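**Q** Predicted model, plus sequence, below.
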Amino acid sequence: MASEKITTNNGKLNVPDNPVIPFIIGDGTGPDIWNAAQKVLDGAVEKAYNGEKEIDWKEVLAGQKAYDETGEWLPQDTLDAINEYLIAIKGPLTTPIGGGIRSLNVALRQKLDLFTCLRPVRYFDGVPSPVKRPEDTDMVIFRENTEDIYAGIEFQEGTDDVKKVIDFIRNEMGSENIRFPETSGIGIKPVSKEGTERLVRAAINYAIDNNRPSVTLVHKGNIMKFTEGAFKAWGYDLAEREFGDKVFTWKEYDEIVEKDGREAADKAQGEAEDAGKIIIKDSIADIFLQQILLRPKEFGVVATMNLNGDYISDALAAQVGGIGIAPGANINYETGHAIFEATHGTAPKYAGQDKVNPSSVILSGVLLLEHIGWTEAAELITKAMEKTIASKVVTYDFARLMDGAKEVKCSEFGEELVKNMD
Ligand SMILES: NC(=O)C1=CN([C@@H]2O[C@H](COP(=O)(O)OP(=O)(O)OC[C@H]3O[C@@H](n4cnc5c(N)ncnc54)[C@H](OP(=O)(O)O)[C@@H]3O)[C@@H](O)[C@H]2O)C=CC1
Ligand SMILES: O=C(O)CCC(=O)C(=O)O
Ligand SMILES: [Mg+2]
């Protein structure tokens, strides 16, 4: 079967039966989990479509393997290939120590402008969890992926550059708030209206398409007023301007309280909920981290900035069993480019041991299959995952917390999933 490219037409993906999909194998435990995942993905596609559809996996290089083979951590050829083929999947990448690149993962997201980091968090029955009712956690995180302190604008303590920046802040901007100006490093946190709007737009569209009752804007706007506070304000404005009567915002709620009192505002929100409108609300990041533990049912779609999203992703993953089972995708909803990847890192201490849980990258593959419309194959894997975990055949991370579990290797867990596809 000759393979073809996935293309876009007016914002819609055209997916041939035999698409070329680039993959980055990843560092550390990357090869173990990718090899297991590829077999599961191929097995599901074969089973779902009886050989009428097949993915042509094309390896592209990044990370240690790229450095060893080409002398570059992130070769231009890799960026060009993902640009050309639109959709890719990757294993985790080590952050090189020293050198100009802070994080290859962050660099990939920024260079391809993959502005949403989508991280759905759901519970699979039987997975060991530290909370009493892990099934109540069912959220989808929209983490802004290109801005915030991840932009990497930082100046090291003691350098001429940081001195210039500190002099500028003190002398030109008149701020005396740098407590120890002689010994400070400085980090800059850009948060833009465009960046916020495209992220919040994607989150609300997702809520509409997937019948989610609310979108929560998570921010620390009480302290960082012109970055995180602006994120909240721009988010509410965008919701009201672009989504009109499909949404009811807490900004509207506050306006009603001001005019007609709290009872009237509660009534208006109740009516909006009854009419199936999406409630756009907000939560300050610190209390949000408490509420997702105490009252997770109150949250559905979460839209937030880069650093908050990084913390929230791992915290929520823990509630449903940990980052061994936390998938993700980096998506530009405007160009159609997307790279699917696990939430966790390279877990270097387990590298080459065929030990870690491949579920995060497998479920990232499920997101990929859903994204290209191959939902039958995606469903086969999800069901097989449910069945396999329920039968207590699991990798070390779950086995150490479960009674009566059978611990299997990374590759064996993948094989078990393929067996359990029916
Ligand atoms: N997107 C990416 O590619 C990311 C890359 N990184 C990079 O990865 C490297 C290592 O980062 P580190 O902070 O150690 O975080 P990791 O996520 O790599 O590992 C931390 C711990 O999480 C658990 N864990 C991770 N992956 C799995 C898995 N597949 N199955 C079961 N458990 C798992 C292990 O816990 P335990 O020890 O309890 O068994 C592991 O020791 C760094 O260079 C970092 O920059 C980090 C995050 C994301
Ligand atoms: O690239 C990294 O080292 C960190 C990335 C990360 O933590 C994440 O994507 O959640
Ligand atoms: Mg992270």
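**A** In hand now; what should we look at? Ligands and ions are numbered 1, 2, ... in the order given.

**Q** Contact partners for Arg198?
**A** Going by C-beta atoms under 8 Å, 6 or more residues apart in numbering, Arg198 touches 115, 333-334. Yep, even glycine has a C-beta here, placed from its N, CA and C like the rest.

**Q** again but with Thr183, I slipped
**A** 157-158.

**Q** and Leu293, what helix or strand is that in?
**A** Assigned by DSSP states H and E, Leu293 falls within helix 285-294.

**Q** Identify the residues contacting that helix?
**A** 131, 137, 139, 216, 218-220, 228, 283, 298-299, 304, 308, 311-312, 315-316, 319.

**Q** could you give the mean pLDDT of that helix?
**A** With pLDDT averaged residue by residue, helix 285-294 scores 97.

**Q** With stretch 211-224 instead?
**A** Stretch 211-224 comes out at a mean pLDDT of 97.

**Q** can you check stretch 410-422 too?
**A** pLDDT averaged over stretch 410-422 gives 97.

**Q** list the buried ones in it?
**A** Residues of stretch 410-422 classed as buried by neighbour count (16 or more other C-beta atoms under 10 Å): 410-411, 413-414, 416-418, 420-421.

**Q** Equivalent analysis for stretch 168-186, please.
**A** 169, 184, 186.

**Q** same deal with stretch 353-360?
**A** In stretch 353-360, the ones that count as buried by 16+ other C-beta under 10 Å are 354-360.

**Q** I'd like these laid out as a markdown table, including distance to Arg102 and secondary structure.
**A** Shown next, in a markdown table, are the buried residues of stretch 353-360 (distance: C-beta to C-beta, whole Å; DSSP: H, G, I helix; E, B strand; the rest coil):
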| residue | distance to Arg102 | secondary structure |
| --- | --- | --- |
| Asp354 | 30 | coil |
| Lys355 | 28 | coil |
| Val356 | 25 | coil |
| Asn357 | 27 | coil |
| Pro358 | 27 | coil |
| Ser359 | 28 | helix |
| Ser360 | 22 | helix |
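
**Q** after the helix holding Leu293, next one along is what?
**A** Counting by DSSP H and E, what follows helix 285-294 is strand 301-304.

**Q** do that next one and ligand 2 meet at all?
**A** No. Contact between strand 301-304 and ligand 2 is absent, the nearest approach being 12.7 Å (criterion: C-beta under 6 Å from any ligand atom).

**Q** Report the distance from that strand to the chain centre.
**A** 11 Å (C-alpha atoms, centre = their mean, to the nearest Å).

**Q** what's the average pLDDT for the helix or strand hosting Leu238?
**A** Assigned by DSSP H and E, Leu238 belongs to helix 230-243. Across helix 230-243, pLDDT averages out at 98.

**Q** same check, this time on stretch 268-275
**A** Stretch 268-275 comes out at a mean pLDDT of 97.

**Q** who's in contact with it?
**A** With C-beta under 8 Å, 6+ apart, stretch 268-275 has contacts from 213, 248, 252-253, 256, 279.

**Q** rerun that using 6 Å as the cut-off
**A** If you take C-beta atoms under 6 Å, 6 or more residues apart in numbering as the criterion, stretch 268-275 is touched by 248, 253, 256.

**Q** thinking again about what came up before, go through the buried residues of stretch 353-360 and say which is closest to Ile208.
**A** Ser360 (27.2 Å; C-beta to C-beta).

**Q** Test my guess that the closest one contacts Ala329.
**A** No. At 11.7 Å, Ser360 does not count as touching Ala329 under the criterion of C-beta atoms under 6 Å.

**Q** re the thing from before, with the buried residues of stretch 168-186 in mind, which one is nearest to ligand 2?
**A** Using C-beta to the nearest ligand atom, Ile186 comes nearest to ligand 2 of those, at 21.3 Å.

**Q** Lys164 versus Val408, what's the distance?
**A** Counting by C-beta to C-beta, to the nearest Å, the gap from Val408 to Lys164 is 57 Å.

**Q** cool, and Ile188?
**A** 13 Å.

**Q** Then Met139?
**A** 43 Å.

**Q** Who has more neighbours out of those two?
**A** Neighbour totals were compared for Met139 and Lys164, and Met139 leads with 21 against 11 (other C-beta atoms under 10 Å).

**Q** so that one bridges to which residues?
**A** Val121 (DSSP bridges).

**Q** what's the single longest helix in the chain?
**A** Secondary structure of the chain per DSSP state H: the longest helix is helix 30-49.

**Q** List, one by one, the residues from the stretch 301-422 of the chain near ligand 2.
**A** So the stretch 301-422 of the chain meets ligand 2 at 310, 313, 343, 345 (C-beta under 6 Å from any ligand atom).

**Q** Put together a markdown table for these, with neighbour count on each row.
**A** Output for these, formatted as a markdown table (neighbours: other C-beta atoms under 10 Å):
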| residue | neighbour count |
| --- | --- |
| Asp310 | 20 |
| Ser313 | 22 |
| Thr343 | 25 |
| Gly345 | 18 |
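
**Q** of those residues, closest to ligand 1?
**A** Distances from ligand 1 to those, taken by C-beta to the nearest ligand atom, are shortest for Gly345, at 2.3 Å.

**Q** That closest one: what's it in contact with?
**A** With C-beta under 6 Å, 6+ apart, Gly345 has these contacts: Pro92.

**Q** coming back round to it: ok, which of the buried residues of stretch 353-360 also contact ligand 1?
**A** Applying C-beta under 6 Å from any ligand atom to the buried residues of stretch 353-360, those adjacent to ligand 1 are 356-357, 360.

**Q** how close does Gly174 sit to Gly187?
**A** When Gly174 is compared with Gly187 (using C-beta to C-beta), they lie 21 Å apart.

**Q** Many thanks, have a good one.
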